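[1] missing the sequence, but the structure's below:
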């Protein structure tokens, strides 16, 4: 993967959700966080690292607020599949509004674009439906 070239020179935040209770994300260089840090090539560009416990979204909410304030240009995820649909809709909307790019270690850019496109289409349909009933 060419993550390093995609994030070079840009403000970046990393978001991970633990896959199991007491997961060690650093794990002596073998953990998912260390893998992401290796892929980006340098920790100097990472503005913030957000790690949620299994089943929680507190840190994702903080990342969304940072994106809303336009403090980062790229959010690097381990996998978009880690995010529940209601939070994913909010994340995509905020990233779209702030022009923040979502990158995933596990999914391709095309896959992420398709997910974002489906969510934006869903939001537009809901807005049209809401305007008709108002």
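    Structure's in. What do you need? Because the structure is a prediction, the values reported are computed rather than measured.
[2] only C-alpha atoms from now on, for both contacts and neighbour counts.
    Will do.
[3] for this protein, what spans make up the strands?
    12-17, 46-52, 74-77, 101-104 (DSSP state E).
[4] so which other helices or strands are in contact with the third one?
    Secondary-structure packing of strand 74-77 (3 or more C-alpha pairs under 8 Å, 6 or more residues apart in numbering; DSSP states H and E): strand 12-17, strand 101-104.
[5] ok, it: who's next to it in the sheet?
    strand 12-17 (parallel), strand 101-104 (parallel) (DSSP bridges).
[6] can you add mean neighbour count and mean pLDDT and give the strands of the chain back as CSV?
    What follows is the strands of the chain, written out as CSV (neighbours: other C-alpha atoms under 10 Å; pLDDT from 0 to 100):
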stretch, mean neighbour count, mean pLDDT
strand 12-17, 22, 90
strand 46-52, 17, 87
strand 74-77, 22, 92
strand 101-104, 21, 93
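[7] residues of the worst-scoring helix or strand of the chain on mean pLDDT that come out buried?
    The weakest-scoring helix or strand in the chain, judged by mean pLDDT, DSSP states H and E, is helix 32-40 (a mean of 77). For helix 32-40, the neighbour count (16 or more other C-alpha atoms under 10 Å) marks 32, 33, 35, 36, 37, 40 as buried.
[8] lovely, talk soon.
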